[in-house]
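Novice: Need a 3D model of the following:
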Amino acid sequence: MVRVVVDAMGGDNAPGEIVKGAVEALNAREDIFIYLTGRKPVIEAELSKYTFPKERLEIVHTEEVIETAEPPVMAIRRKKDSSIVKGMNMVKQKEADAFVSAGSSGAILVGGQVIVGRIKGIERPPLAPLIPTKNGVSLLIDCGANVDARPSHLVQFAKIGSIYMENVMGVKNPRVGLVNIGAEEEKGNALVKETFPLLKECKELNFIGSVEARDIPQGVCDVIVCEAFVGNVILKLYEGVGATLISKVKQGMMTSLRSKIGALLVKPALKETLKSFDASQYGGAPLLGLNGLVVKTHGSSKAVEVKNSILQCVQFTKQEINQKIRENIIKEDQKG
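Specialist: Residues are numbered from 1 along each chain as shown. Okay, the predicted model is just below:
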């Protein structure tokens, strides 16, 4: 049984969509136990709308909620009885295997490092979401945790990302690409220019060189390495273009009688194609390199993304990905 703590109070659509997603995850698999952290009366009111296996769900009451606008460090220190702090402490104390939240990104990043703690040898834990591509999915690492990264951090992101893709996604010898403004080695800013030769020297990595943003949707590499500022811009633009494109396609199909008839004919195939490019199908972004699993979902997450983030935790836990990252880092330290 994989025990997942879900922050019922975090996100734009809390607690409604969060509770709904948790219930859907419970009904989808029998090997999940869910703890919902937050204000008990509010959570109970939402749960009363659904049918689910009650023996596999428990509410952990907390009085406080960390708001998005609060300074993260101060919020983590002062709000000990918040849904985020309580949930992360449960992971730290091994009362749960994973923590999922759509709440304050800053509080989750700070709490992950301060409460759950980094694996020894990890310099900076990165946020790493799966993003859809022509060939399936790629891992974007980092997308929001470290905006002032150093070359050594990016090299470690590449190693962590490769371990994740190989063990969780089953990609053998994953291709690693470094986000750049051109394919040539001499291009890029100081960070990219310094990182490129270091990645080239890593014999354990399948480094394919620089990758331009336009090549990412084509699936040219399995692990997309960048610092968080660039990663976050890529992720947000990706999501925005995807949502706009889907909207425009739907709009175009409703313009005339002929297009409506055509839409009926292509609807099943088109629905499947568009679904594969919907980022919410792939869950949230795990904060990799911690002593426990912490997953950040979008602040605007609906039930489907919450559900998929919880299901993602099951696979992550069963594959013992943190243990594999730990073993790899220890091996690297011994070599050094």
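Novice: Excluding chain neighbours, what is closest to the residue nearest the centre of the chain?
Specialist: Closest to where the C-alpha atoms of the chain average out (CA atoms, centre = their mean) is residue 285, at 0.7 Å. Counting by CB to CB, 6 or more residues apart in numbering, residue 129 is the residue found nearest to residue 285 once chain neighbours are left out, at 3.8 Å. Every residue, glycine included, has its C-beta placed from N, CA and C.
Novice: Could you count how many residues lie near that neighbour?
Specialist: 26 (other CB atoms under 10 Å).
Novice: Then residue 29?
Specialist: Around residue 29 there are 12 residues (other CB under 10 Å).
Novice: Same question for residue 180.
Specialist: With other CB under 10 Å as criterion, residue 180 counts 22.
Novice: Show the pLDDT at it.
Specialist: Note on residue 180: pLDDT of 96.
Novice: Now do the phi/psi pair for the nearest residue to it once chain neighbours are set aside.
Specialist: Nearest residue to residue 180, sequence neighbours excluded (CB to CB, 6+ apart): residue 210, at 3.6 Å. Per-residue torsions, residue 210: phi -80, psi 150 (degrees, to the nearest 10).
Novice: which residues does residue 210 form a beta bridge with?
Specialist: For residue 210, the beta-bridge partners are residue 178 (DSSP bridges).
Novice: looking at it, it is touching residue 177, isn't it?
Specialist: Yes: Residue 210 is within contact range of residue 177, at 7.0 Å (criterion: CB atoms under 8 Å).
Novice: out of these two, which sits in the more crowded spot?
Specialist: Taking other CB under 10 Å, residue 210 and residue 177 do not tie; residue 177 has more neighbours (24 against 21).
Novice: Residue 218: neighbouring residues, count only.
Specialist: Neighbour tally, residue 218, other CB under 10 Å: 12.
Novice: what's the answer for residue 254, then?
Specialist: 9.
Novice: SS state for it?
Specialist: What DSSP: H, G, I helix; E, B strand; the rest coil gives for residue 254 is coil.
Novice: Tell me the backbone dihedrals of the closest residue to residue 133 other than its chain neighbours, please.
Specialist: Leaving aside its chain neighbours, residue 133 sits nearest to residue 219 (3.4 Å; criterion: CB to CB, 6+ apart). Torsion angles at residue 219 (phi, psi; degrees, to the nearest 10) stand at phi 80, psi 40.
Novice: Give the full set of residues in contact with residue 219.
Specialist: 133, 134, 135, 136, 138 (CB atoms under 8 Å, 6 or more residues apart in numbering).
Novice: Buried among these? Need that as a selection in PyMOL.
Specialist: Applying 16 or more other CB atoms under 10 Å to those, the buried members can be selected in PyMOL as follows:
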select buried, resi 133+138
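Novice: Tabulate the contacts of residue 219 (CSV), appending pLDDT.
Specialist: Shown next, in CSV, are these (pLDDT from 0 to 100):
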residue, pLDDT
133, 91
134, 88
135, 84
136, 88
138, 94
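Novice: now the residue nearest to the centre of the chain: how far from residue 133?
Specialist: 16 Å (CB to CB, to the nearest Å).
Novice: got it, and residue 126?
Specialist: For residue 126, the distance to residue 133 - CB to CB - is 19 Å.
Novice: how about the strands in the stretch 151-300 of the chain?
Specialist: With DSSP state E, counting those that start in this stretch as the criterion, the stretch 151-300 of the chain has strands at 175-179, 206-211, 223-225, 285-286, 293-296.
Novice: Mind checking what helix or strand follows the helix or strand hosting residue 3 in sequence?
Specialist: Using DSSP states H and E, residue 3 sits in strand 2-7. Using DSSP H and E, the helix or strand that follows strand 2-7 in sequence is helix 16-28.
Novice: tell me what that next one is packed against?
Specialist: strand 2-7, strand 32-38, helix 40-47, helix 303-318 (3 or more CB pairs under 8 Å, 6 or more residues apart in numbering; DSSP states H and E).
Novice: and those as TSV, adding mean neighbour count and distance to residue 256?
Specialist: Below are the helices and strands packed on helix 16-28 laid out as TSV (neighbours: other CB atoms under 10 Å; distance: least, CB to CB, whole Å):
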stretch	mean neighbour count	distance to residue 256
strand 2-7	28	45
strand 32-38	24	47
helix 40-47	16	43
helix 303-318	22	32
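Novice: Among those, show the one with the smallest mean pLDDT.
Specialist: helix 303-318 (a mean of 91).
Novice: I'd like to check the angle between that helix and helix 16-28, please.
Specialist: 50 degrees (axes from the mean of the first three to the mean of the last three CA atoms, to 10 degrees).
Novice: Brilliant, that's me finished.
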